[in-house]
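Colleague: Got a predicted model here, sequence first, then my questions.
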Amino acid sequence: MKNFTLLFLTLISVFSFSSYAQQSKINSGDKKYDSYAYVDAIKTYEKVANKGYKSEDMFKKLGNSYYFNSDFEGAAKWYGELFAMNTVVEPEYYYRYAQSLKSTGDIAKANKIFDEFNTKSKNDNRVKLYKNDVNYLDQIKANSGRYKIEDAGINSKYSDYGTFVYDNKIYFASARDTGNFSQRKHRWTGEYFTNIYNADLDPETGKAAKVNKFKSAINTKFHEASPVFTKDGKTVYFTRNNFIDGKKGKDDHKITLIKIYKATLDEKNKWTNITELPFNSDNYSVGHPALSPDEKTLYFSSDMPGSIGQSDLYKVSINPNGGYGTPENLGNTINTEGKETYPYVTNENEIYFSSDGHPGLGGLDVFTANIEENGTISNVQNVGADINSPQDDFAYIIDPVSRRGYFSSNKDGGQGSDDIYKFLETNRLKCIQELEGIITDAETGIILPGATITLFDNQMAIKNSTVSDGSGKYSFPVECGKTYNVRAEKPEYTTKEVSVAIAKTTGKTTLPISLEKSTCKVTVGDDLGKCFGIKMIYFDLNKFNIRTEAALDLEKILVVLNDNPTMKLDIRSHTDSRATHQYNEVLSERRAKSTIKWLIKNGVAPNRLTGKGYGETQLVNQCADGVKCTEQEHQANRRSEFIITAL
């Protein structure tokens, strides 16, 4: 893909040769590189490199010039020369080199370089995604084989990309306009600037008729792309270089970036009132608009301040008065330190986008994710190898009803540098998972109907609850790829909690639970909580208010206290060794008091309860300050105790 719209930052550095003539050429190449004239920079640098000169900075810029133009074979060649120098380079070059190798099909070497990237960038979100999904190729394989794909019938030998369908017309960007004598080439890509084109579509077959240039003031002598129309057809949002009313805007480095513009249709069917959106800036790029189905939210891509990576996905509310809210970053579930771009949102609360930061096949891959009711993003998945390739695959749109759509790619076999493909999705990707199991007696194996089963997320927030049926069975609908905790309870049995990881593909996850008979007999000095399997009372992070699931456990303690009116308890709260000693002591003390307060509020006499927070002073294992321990080992120290002091 021609990356003028992918929002890169420029790397600027200085290097020297002893030869004045070669230095002059290098200086010329630097000037072209720093002004994003990558095609010209490649020509200049390669003349020098082919004469045997080696330079870390030159190899970086050669690799980048190819990488930013999505020529991953060229990028791999020159990044390879860079790494052959055995010099220390920034971690981002390990990522770019790995991506380039992956795109050329050298997966083994790509994974080796990516492992080195992991060791150098442990806090990089792309590392976490890679570690959490080391078998990502299996998921891509599982998600493949779901499309029928063919040429869209509107391509030229130039770059064609980025579609939107409205009123039986397909709109897209193309660099095919070479007829004007004054038409200029873009120095980044070596192609002509793009304009918006359209073609009529057959509503039955989706076949495109003759391609026409979109005759409108929207098209200028600079780049236009990514149009999106409102349902009434009276408003269009689109991407354009920073150019309006004949004036070209530049950033502090004298570079013209991209912005989102808006135009309205007047009574004469002419597009007028072309204005830039208020959150644009001369100093960062904003592009690739996408409207939510209710047209109350605009999604877009930007490298504005607050971005996680080279370009992030954002959303902004469209107010009833035509104004806009404050742009919101969609967060690190979807955004990485790489590039996320070309969002598209459906009425099924799905967002499609392209990314080179999530594990994929190389270059940009198309991904899908769910938009939750609270606006957060979940369940990011690669759409598969039908759409995705080792090259750049992007600008995916789909009709949720017909399951027909379009995407753009510079994959092998196309007519130009970027081409538009149409597709039919024959099998939905939507991952549907069910968690099921049978509750049984641990000793006899007999089924246990009537057991209460509670489903928690991995933060112990209640998600669902049910009762095992006459066959001892239970089931919950769950999200693919998530981890849950399941609690099983039944009178005369010890409560049990089990953690379960849900598969990432459609199907059923089975979790049988065996409960042991409760033979708990207590005396003074025993921990009453152990009778009910209560290891800890759950509080929100760094807080001390009683959560809903904590109240469920305290209800069990309350019943015993009510049944045994002479029983007295000493409530003890403990933390692990993380955080400071003083902080842990204060937090545990407040939690112990909060637990006592809850019991008193529910009818227990204050003189029957004492309590104290012990912080990290009574660890049950070796996990003191400075000792490396697992999360499970730390968990053992985070506990609540209900010690019987009188009966």
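Modeller: Now that the structure is in, tell me what you want to look at. Residues are numbered from 1 along each chain as shown.

Colleague: three-state assignment of Arg591?
Modeller: helix (DSSP: H, G, I helix; E, B strand; the rest coil).

Colleague: and it, how many residues sit next to it?
Modeller: Neighbours of Arg591 under the rule other CB atoms under 10 Å: 25. For glycine as for every other residue, the C-beta is placed from the backbone atoms N, C-alpha and C.

Colleague: A strand includes Thr523, no?
Modeller: No. In this structure, Thr523 is coil, not part of a strand, as judged by three-state DSSP.

Colleague: Pretty sure it sits against Thr645.
Modeller: No. Here Thr523 does not reach Thr645: they are 11.1 Å apart, not a contact under CB atoms under 8 Å.

Colleague: Those two: which has the busier surroundings?
Modeller: Thr645 (13 against 7).

Colleague: What segments of the stretch 151-300 of the chain are strands?
Modeller: For the stretch 151-300 of the chain, the strands defined by DSSP state E, counting those that start in this stretch cover 160-166, 169-174, 195-201, 208-213, 224-229, 235-241, 243-244, 247-248, 258-265, 271-276, 286-291, 297-302.

Colleague: mean pLDDT lowest for which of those strands?
Modeller: Of all the strands of the stretch 151-300 of the chain, mean pLDDT reaches its minimum on strand 247-248 (a mean of 70).

Colleague: before we move on, back to that, same list (the strands of the stretch 151-300 of the chain) but as TSV, adding distance to Glu555 and mean neighbour count.
Modeller: Compiled in TSV, the strands of the stretch 151-300 of the chain are given as follows (distance: least, CB to CB, whole Å; neighbours: other CB atoms under 10 Å):
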stretch	distance to Glu555	mean neighbour count
strand 160-166	55	24
strand 169-174	60	24
strand 195-201	62	20
strand 208-213	65	14
strand 224-229	53	24
strand 235-241	54	24
strand 243-244	65	17
strand 247-248	69	10
strand 258-265	54	21
strand 271-276	58	15
strand 286-291	48	25
strand 297-302	42	25
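
Colleague: could those be laid out in TSV, adding distance to Gly80?
Modeller: Formatted as TSV, the strands of the stretch 151-300 of the chain follow (distance: least, CB to CB, whole Å):
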stretch	distance to Gly80
strand 160-166	29
strand 169-174	33
strand 195-201	37
strand 208-213	40
strand 224-229	33
strand 235-241	34
strand 243-244	38
strand 247-248	38
strand 258-265	32
strand 271-276	42
strand 286-291	32
strand 297-302	30
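
Colleague: Between these, which one is closest to Trp598.
Modeller: Of all the strands of the stretch 151-300 of the chain, strand 297-302 sits nearest to Trp598, with 40.7 Å by CB to CB.

Colleague: So what are the sheet partners of the closest one and their directions?
Modeller: Sheet pairing here is set by DSSP bridges, and for strand 297-302 it gives strand 286-291 (antiparallel), strand 312-317 (antiparallel).

Colleague: who wins for proximity to Asn195 among the ones you listed?
Modeller: Closest of those to Asn195 is strand 286-291, at 15.5 Å (criterion: CB to CB).

Colleague: what sits up against the closest one?
Modeller: By CB atoms under 8 Å, 6 or more residues apart in numbering, the residues outside strand 286-291 that reach it are 5, 7, 162, 225-226, 228, 230, 237-239, 258-260, 277, 279-280, 297-302, 304, 341-345.

Colleague: Just the helices from the stretch 101-250 of the chain, written as ranges.
Modeller: Remark: helices assigned in the stretch 101-250 of the chain by DSSP state H, counting those that start in this stretch are 107-120, 125-132, 136-142.

Colleague: List the buried residues of the second one.
Modeller: Using 16 or more other CB atoms under 10 Å as the test for burial, helix 125-132 gives 125-127, 129-130.

Colleague: now it: how far from the chain's centre is it?
Modeller: Computed by CA atoms, centre = their mean, to the nearest Å, the separation of helix 125-132 from the middle of its chain amounts to 11 Å.

Colleague: Could you tell me the angle between it and helix 107-120?
Modeller: 120 degrees (axes from the mean of the first three to the mean of the last three CA atoms, to 10 degrees).

Colleague: Can you spell out which helices and strands pack onto helix 125-132?
Modeller: Helix 125-132 is packed against helix 107-120, with contacts defined by 3 or more CB pairs under 8 Å, 6 or more residues apart in numbering; DSSP states H and E.

Colleague: Show residues contacting the helix it packs on.
Modeller: For helix 107-120, contacts defined as CB under 8 Å, 6+ apart pick out 83, 91, 94-95, 97-99, 101-102, 124, 126-127, 130-131, 362.

Colleague: Comparing the helices of the stretch 101-250 of the chain by mean pLDDT, which bottoms out?
Modeller: helix 125-132 (a mean of 72).

Colleague: could I have that helix exported to CSV, CA atoms only?
Modeller: C-alpha atoms of helix 125-132 as CSV (Å, rounded to 0.1, in the frame of the first residue of the first chain):
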residue,chain,number,x,y,z
ASN,A,125,2.2,-4.1,23.4
ARG,A,126,3.1,-6.0,20.2
VAL,A,127,5.4,-8.2,22.3
LYS,A,128,2.5,-9.0,24.7
LEU,A,129,0.3,-9.9,21.8
TYR,A,130,2.9,-12.1,20.3
LYS,A,131,3.5,-13.9,23.6
ASN,A,132,-0.2,-14.3,24.3
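
Colleague: what's it in contact with?
Modeller: With CB under 8 Å, 6+ apart as the test, helix 125-132 has contacts from 95, 114, 117-118, 121, 136, 308-309, 332, 335-338, 357-359.

Colleague: which one of those residues is nearest Asn379?
Modeller: When the contacts of helix 125-132 are compared against Asn379 (criterion: CB to CB), the nearest one is His358, at 12.2 Å.

Colleague: before we move on, back to that, which of the helices of the stretch 101-250 of the chain sits closest to Ser518?
Modeller: Taking those one by one with CB to CB, helix 125-132 is closest: 38.1 Å.

Colleague: mind checking how far the residue nearest to Thr505 when sequence neighbours are not counted is from Leu511?
Modeller: Of all residues not flanking Thr505 in the chain, Ala142 sits nearest, at 5.2 Å (CB to CB, 6 or more residues apart in numbering). According to CB to CB, to the nearest Å, Ala142 and Leu511 sit 22 Å apart.

Colleague: where do the helices sit along the chain?
Modeller: 20-34, 38-49, 56-67, 72-84, 91-103, 107-120, 125-132, 136-142, 548-563, 581-601, 631-637 (DSSP state H).

Colleague: lowest-confidence stretch among those helices?
Modeller: When I compare those, helix 20-34 is least confident, with a mean of 55.

Colleague: what distance separates the start and the end of stretch 331-345?
Modeller: 16 Å (CA to CA, to the nearest Å).

Colleague: so where is the stretch 451-600 of the chain shaky, pLDDT-wise?
Modeller: Counting by pLDDT under 70, the stretch 451-600 of the chain contains low-confidence ranges at 519-520, 535, 538-544, 549.

Colleague: What ranges does it have for its strands?
Modeller: 452-457, 462-467, 473-478, 483-489, 496-501, 507-510, 513-515, 568-574.

Colleague: now Gly287, nearest residue through space, not along the chain?
Modeller: Once flanking residues are discounted, Gly287 sits nearest to Thr239: 4.1 Å by CB to CB, 6+ apart.

Colleague: How about the spatially most central residue of the chain: what's its closest non-neighbour residue?
Modeller: Nearest to the mean C-alpha position of the chain, by CA atoms, centre = their mean, lies Ile334 at 1.5 Å. Spatially, and ignoring its direct neighbours in sequence, Ile334 is nearest to Ile377 (4.5 Å; CB to CB, 6+ apart).

Colleague: Do I have it right that that neighbour meets Asn370?
Modeller: Yes. Contact criterion CB under 8 Å: Ile377 and Asn370 qualify, at 7.1 Å.

Colleague: intersection of neighbour lists for these two?
Modeller: In contact with both Ile377 and Asn370: Ile351, using CB under 8 Å, 6+ apart.

Colleague: what sits up against stretch 369-385?
Modeller: By CB under 8 Å, 6+ apart, stretch 369-385 touches 136, 139-141, 143-147, 315, 328, 330-331, 333-334, 345, 349-353, 358-361, 365-368, 388, 396, 429, 431, 479-481, 504.
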